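S.K.: 3D model of this:
(one chain, ligands or ions: 1)
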Amino acid sequence: MLPTPNLDHLTADDYEHVYEPAEDTFLFLDALEKEAEFIKNRVKPTICLEIGWVAFLIIKQSLDHRRSGSGCVSTFLAQLIGAGHAYINPYASSITYKTGMKNNVLLDPITTDLMSGLLPRLNHNVDIICFNPPYVVTQPGDVNSPNMLERAWAGGIDGREVIDRTLPLIAESLSSNGVCYLLSVTDNKPNEIRQIMLHEHGLSSEVVLSRLTGIEKPSILKFWREPLI
Ligand SMILES: C[S@@+](CC[C@H](N)C(=O)[O-])C[C@H]1O[C@@H](n2cnc3c(N)ncnc32)[C@H](O)[C@@H]1O
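M.R.: Numbering: from 1, shown residues only. Below you'll find the model as predicted:
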């Protein structure tokens, strides 16, 4: 069993600016651990991408570069797969980089909105995509709140505004052998997400892990293109 990445270097001040790992983060780590053999032996990933540490528009990088996440999931994935893989991560957070270094893995953060700065170069080339998105149901448009911490969790209508923008990008970027892990909660209508991925993008899916956490029931959905070798 892999230990949770060491986050001792993060301070209370950091968490004023980035999303503090919570139950959803840890459910994600548990799902990746459950998938470890499959990822290592079947997917054999070269390019792994985690969406959701910082990102947004590059033009805002100088203002927002520390906001959003701690590097916990990417660090865990890097440790799980082992050294020597190319890492492309769409967040410019120095915290993500530091979390990798603290845990002896080299992460390569990129600041972009979702994965827009990486496409079309990465079309059908990404082997693993992880995304713990902003999923909480809020007022429409809250996903663009000027408060960056709010943007880390505010998902707009059905908590789906960011998720829905991501679905076609996942389909576009997954390699033939690739898999995507996406967290969603009951409010996000995960079955509807799975139907969209199947009927609009031809991706099969299953629930890897779900857990009741307070009033929410987050699940980790897994998507892949048939036939998975
Ligand atoms: C629920 S938090 C998860 C943070 C971290 N990955 C974790 O699991 O602890 C959602 C993350 O998505 C990021 N995010 C929101 N909108 C985004 C966008 N358009 N592009 C990239 N990341 C975005 C937020 O900044 C936030 O870090």
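S.K.: what sits closest to the residue nearest the centre of the chain if chain neighbours are left out?
M.R.: Nearest residue to the geometric centre of the chain (C-alpha atoms, centre = their mean): residue 131, 2.0 Å. Nearest non-adjacent residue to residue 131, counting by C-beta to C-beta, 6 or more residues apart in numbering: residue 51, 4.3 Å away. Glycine gets a C-beta too; all of them are placed from N, C-alpha and C.
S.K.: ok, the one you found - contacts?
M.R.: Residue 51 sits next to 90, 114, 115, 129, 130, 131, 133, 166 when contact means C-beta atoms under 8 Å, 6 or more residues apart in numbering.
S.K.: show me what the residue nearest to the centre of the chain bridges to in the sheet.
M.R.: Note on residue 131: beta-bridge partners by DSSP bridges are residue 51, residue 182.
S.K.: pLDDT at it, what is it?
M.R.: We have a pLDDT of 94 for residue 131.
S.K.: what of residue 28?
M.R.: Model confidence at residue 28, given as pLDDT, is 94.
S.K.: before we move on, which element is it in?
M.R.: Secondary structure assignment for residue 28, by DSSP states H and E: helix 23-34.
S.K.: who are the neighbours of that helix, in terms of helices and strands?
M.R.: Secondary-structure packing of helix 23-34 (3 or more C-beta pairs under 8 Å, 6 or more residues apart in numbering; DSSP states H and E): helix 72-81, strand 174-184, strand 203-210, strand 219-225.
S.K.: count of neighbours near the closest residue to residue 98 other than its chain neighbours?
M.R.: Excluding its sequence neighbours, the residue lying closest to residue 98 (C-beta to C-beta, 6+ apart) is residue 9, at 5.7 Å. When neighbours are counted by other C-beta atoms under 10 Å, residue 9 registers 14.
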